[in-house]
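# generate coordinates for the sequence data below:
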Amino acid sequence: MWFQQNILSILIWLPVLGAITTLLTNSDRTARLVASSFAIVNLLLCVPLYLGFDSSSFALQFHEKRLWISAYQIYYAVGVDGISLTMIILTNFTGLLVILAGCQAIKLRVAQYMAAFLVMQGMMIGVFAATDAILFYVFWEGMLIPMYLSIGMWGSSNRNYAAVKFFLYTFLGSILMLIALLYLYNQTGSFDIQHYYGLHLSMPIQKAIFFAFLLAFAVKVPMWPVHTWLPDAHTEAPAGGSVVLAALMLKLGIYGFLRFSMPIVPEACAHLAGLMIVLSLIAIVYIGLVAIVQTDMKKLIAYSSIAHMGFATLGCFMVYDILHHASAHQDAYMSLEGAVVQMVSHAFGSGAMFLGVGILADRMVSHSRLIKDYSGVAARMPIFAAFFMLFAMSNVGLPGTAGFVGEFMVIMSAFQTHFSVALVASLTLILASSYTLWMYKRVFFGPIMNQEVTTMQDLNWLETTNYVLLAIGVFLLGLYPAPVLNVLHATIGHLLSLSMPA
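Numbers count the residues shown, from 1 in each chain. Presented below is the predicted three-dimensional model:
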């Protein structure tokens with residue numbers, strides 16, 4: 001009983017304990033073993049969390065609440081609904097992959113690297129579980145520190161610039177969110193996030209709060225035009241940092257829209273939905289065109305991530321156009337569920353491709369990420385080439401893979417009410433195919449032009465294990481998304497009822 005009542009706290013703080021334990025180890029081998037053990041245990045703890053979750057209820061479950069700062073009635077309060085449960089499981093799955101990949105790739109300051117990512121994992125789980133606004137903000141800001149360190153300490157040649165740019169963009173955006181939360185506290189006398197739902201606020205106040213949240217969440221997604229930090233961060237970060245950025249950190253912005261913007265200021269969201277749809281379409285089309293001209297593999301995948309996240313924001317804010325049609329309530333479900341599925345599927349495809357670029361760069365003496373420096377890799381690494389093709393196809397949105405499901409749901413729901421939006425969004429299928437297949441052809445096929453390629457070895461057992469786990473995720477979500485959709489359905493229905501303007 002105690003375990004079930006405190007399972008969320010265990011999931012949050014066990015990785016932090018693992019980080020401290022890892023720092024106390026006296027060898028790199030022991031640090032790798034300890035960090036991997038904690039990551040595995042945390043992922044296994046998600047099994048009773050998932051099995052004990054009642055998917056027919058939208059209420060917060062596994063709720064814990066303890067007084068933290070009595071003077072301001074700030075609580076250590078955590079709980080999960082369908083959306084946060086999905087993201088917590090994804091965080092633990094991704095965290096294990098990053099730790100396993102780091103066992104192979106990281107040779108310097110191994111214990112510190114493992115500790116940074118374990119702390120980051122715990123902070124992200126805290127973000128998804130927090131139901132107190134100040135606790136949410138503490139976790140939200142807390143995860144920036146280990147990511148800043150991972151870019152600055154284990155990144156590439158221009159890592160200091162990328163780390164500072166990442167920190168400043170995300171930190172400054174969050175300040176306005178804190179101001180908005182303090183205003184809501186003054187209106188309600190509580191930092192409980194659910195107390196902000198249904199609060200009667202004038203339209204000017206709602207718009208002010210909307211834009212305060214927008215800056216914090218849009219930077220995280222990132223949406224155009226506040227996206228410029230992401231290509232630099234991705235390019236300079238170690239492979240593990242790029243995976244966490246793509247698979248998890250970008251999702252925090254979408255989660256913020258779902259948890260804060262839509263249920264707290266629904267009238268402002270409805271009024272400004274057109275702006276958000278335009279910004280999403282710019283991300284899908286314009287950033288997709290930018291990706292086509294990239295010569296660095298990491299930058300190409302980074303811009304691809306921005307375009308794919310445009311689908312998630314589109315799914316969130318198309319809901320307000322859809323709800324104008326009385327018969328389209330089911331399409332609204334599909335749009336929001338598609339946005340969340342897109343968050344999960346993008347983590348598999350994009351995360352796997354970033355791992356792949358890291359594998360290639362580690363095998364090159366020059367550690368180059370430039371497409372022109374590779375050719376004929378499939379002849380030397382056929383198993384890796386097959387796996388990478390699978391993840392590239394998921395990135396493109398091939399039916400049967402995870403990447404297809406979320407995009408299909410968002411486009412289908414948009415087609416029912418807004419044909420022009422759906423048509424523009426569908427262009428991503430052409431653009432994604434163009435830049436992904438062009439990169440794949442240049443890197444894996446053709447004659448071997450670089451002698452360094454001739455010395456490359458195929459995947460070892462650890463890299464293969466990572467890719468097998470990711471491939472299972474790609475196929476399971478692509479062929480049978482029901483376990484995810486069933487968990488989401490009741491929560492999405494409740495969110496829709498909160499998000500409908502009065």
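
# now the stretch 51-200 of the chain, which segments are flagged as low pLDDT?
Across the stretch 51-200 of the chain, nothing is flagged by pLDDT under 70.

# in it, which spans are helices?
82-105, 110-129, 133-142, 144-154, 159-188 (DSSP state H, counting those that start in this stretch).

# the longest strand in this structure is where?
Among the segments of the chain that qualify as a strand by DSSP state E, the longest is strand 61-69.

# can you tell me the strand partners of that strand and which way each runs?
strand 74-80 (antiparallel) (DSSP bridges).

# ok, residues contacting the strand it pairs with?
8-9, 12, 49, 53, 60-68, 88, 126, 128-132, 134-135, 191-192 (Cβ atoms under 8 Å, 6 or more residues apart in numbering). Yep, even glycine has a C-beta here, placed from its N, CA and C like the rest.

# off-centre distance for stretch 181-197?
Offset of stretch 181-197 from its chain centre (Cα atoms, centre = their mean, to the nearest Å): 27 Å.

# what's the end-to-end length of that stretch?
13 Å (Cα to Cα, to the nearest Å).

# so what touches it?
Looking at stretch 181-197 with Cβ under 8 Å, 6+ apart, the contacting residues turn out to be 60, 72-75, 77, 130-137, 199, 201, 209, 259-260, 263-264, 498.

# restricted to buried residues, select those in PyMOL.
Buried residues among the contacts of stretch 181-197 (16 or more other Cβ atoms under 10 Å), as a PyMOL selection:
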select buried, resi 60+74+75+77+130+131+132+133+134+135+136+137+201+209+259+260+263+264
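
# buried residues, stretch 55-68. List them.
For stretch 55-68, by 16+ other Cβ under 10 Å, it's S55, F58, L60, Q61, F62, E64, W68.

# check stretch 34-44 too.
V34, A35, S36, F38, A39, V41, N42, L43.

# pretty sure the first one sits against I20.
No - here V34 lies out of contact with I20, judged by Cβ atoms under 8 Å, at a distance of 10.2 Å.

# picking that back up, could I get the helices of the stretch 51-200 of the chain as JSON lines with distance to V344?
Shown next, in JSON lines, are the helices of the stretch 51-200 of the chain (distance: least, Cβ to Cβ, whole Å):
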{"stretch": "helix 82-105", "distance to V344": "6"}
{"stretch": "helix 110-129", "distance to V344": "13"}
{"stretch": "helix 133-142", "distance to V344": "20"}
{"stretch": "helix 144-154", "distance to V344": "20"}
{"stretch": "helix 159-188", "distance to V344": "22"}
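
# what's the most buried one of these?
Neighbour counts (mean count of other Cβ atoms under 10 Å) averaged over each of these peak at helix 110-129, with a mean of 27.

# C-alpha coordinates for that helix, CSV please?
Taking Å, rounded to 0.1, in the frame of the first residue of the first chain, the C-alpha atoms of helix 110-129 are listed here in CSV:
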residue,chain,number,x,y,z
VAL,A,110,31.5,9.2,-17.2
ALA,A,111,30.1,9.3,-13.6
GLN,A,112,29.2,13.0,-14.0
TYR,A,113,27.6,12.4,-17.4
MET,A,114,25.4,9.6,-16.1
ALA,A,115,24.5,11.7,-13.0
ALA,A,116,23.5,14.6,-15.1
PHE,A,117,21.1,12.6,-17.2
LEU,A,118,19.6,10.8,-14.2
VAL,A,119,18.9,14.1,-12.5
MET,A,120,17.4,15.4,-15.7
GLN,A,121,15.1,12.3,-15.9
GLY,A,122,13.9,12.8,-12.3
MET,A,123,13.2,16.5,-12.9
MET,A,124,11.2,15.8,-16.1
ILE,A,125,9.1,13.2,-14.4
GLY,A,126,8.4,15.8,-11.7
VAL,A,127,7.2,18.3,-14.4
PHE,A,128,4.7,15.7,-15.8
ALA,A,129,3.5,14.7,-12.3
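
# which other helices and strands contact that helix?
helix 7-23, helix 28-51, strand 74-80, helix 82-105, helix 133-142, helix 144-154, helix 239-244, helix 250-256 (3 or more Cβ pairs under 8 Å, 6 or more residues apart in numbering; DSSP states H and E).

# and Q187, how far from H195?
According to Cβ to Cβ, to the nearest Å, Q187 stands 9 Å off from H195.

# do M124 as well
24 Å.

# before we move on, what about A237?
From A237 to H195 the distance is 38 Å (Cβ to Cβ).

# who has more neighbours, the two?
Taking other Cβ atoms under 10 Å, A237 and H195 do not tie; A237 has more neighbours (29 against 15).

# which stretches of the stretch 401-502 of the chain form helices?
402-417, 419-444, 461-479, 482-499.

# buried ones in the second one?
What it means is helix 419-444. 421-422, 424-425, 428-429, 431-433, 435-436, 439-440, 442-444.

# so what secondary structure elements neighbour it?
Using 3+ Cβ pairs under 8 Å, 6+ apart, helix 419-444 sits against helix 273-292, helix 297-317, helix 377-380, helix 382-396, helix 402-417.

# what residues does the third one touch?
Helix 377-380 is touched from outside by L360, F384, A385, V443, F444, F445, I448, V453, T454, M456, Q457, D458, with contacts defined as Cβ under 8 Å, 6+ apart.

# may I see the ChimeraX selection of the buried members of the residues you listed?
Under the burial definition 16+ other Cβ under 10 Å, those of the contacts of helix 377-380 that qualify are selected in ChimeraX by:
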select :360,384,385,443,444,453,456
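
# how about the contacts of helix 377-380, which pair is most distant?
F445 and Q457 (19.1 Å; Cβ to Cβ).

# related to what we said a few turns ago, looking at the helices and strands packed on helix 110-129, which is nearest to A402?
Here helix 82-105 is closest among the helices and strands packed on helix 110-129 (Cβ to Cβ), at 11.5 Å.

# what angle sits between the closest one and strand 74-80?
90 degrees (axes from the mean of the first three to the mean of the last three Cα atoms, to 10 degrees).

# sorry, back to before: neighbouring contacts of the longest strand of the chain?
Taking Cβ under 8 Å, 6+ apart as the criterion, the residues outside strand 61-69 that touch it are 4-9, 49, 52-54, 73-81, 131-132, 134-135.

# 10 Å - rerun?
Outside of strand 61-69, the residues within contact range by Cβ atoms under 10 Å, 6 or more residues apart in numbering are 4-9, 11, 48-49, 52-55, 73-82, 84-85, 129, 131-132, 134-135, 138, 191-192.

# so how far is it from its chain's centroid?
26 Å.

# and what of stretch 304-312?
That offset, for stretch 304-312, works out to 11 Å (Cα atoms, centre = their mean).

# out of the helices of the stretch 51-200 of the chain, flag the one nearest L336.
Per Cβ to Cβ, nearest to L336 of the helices of the stretch 51-200 of the chain: helix 82-105, 9.2 Å.
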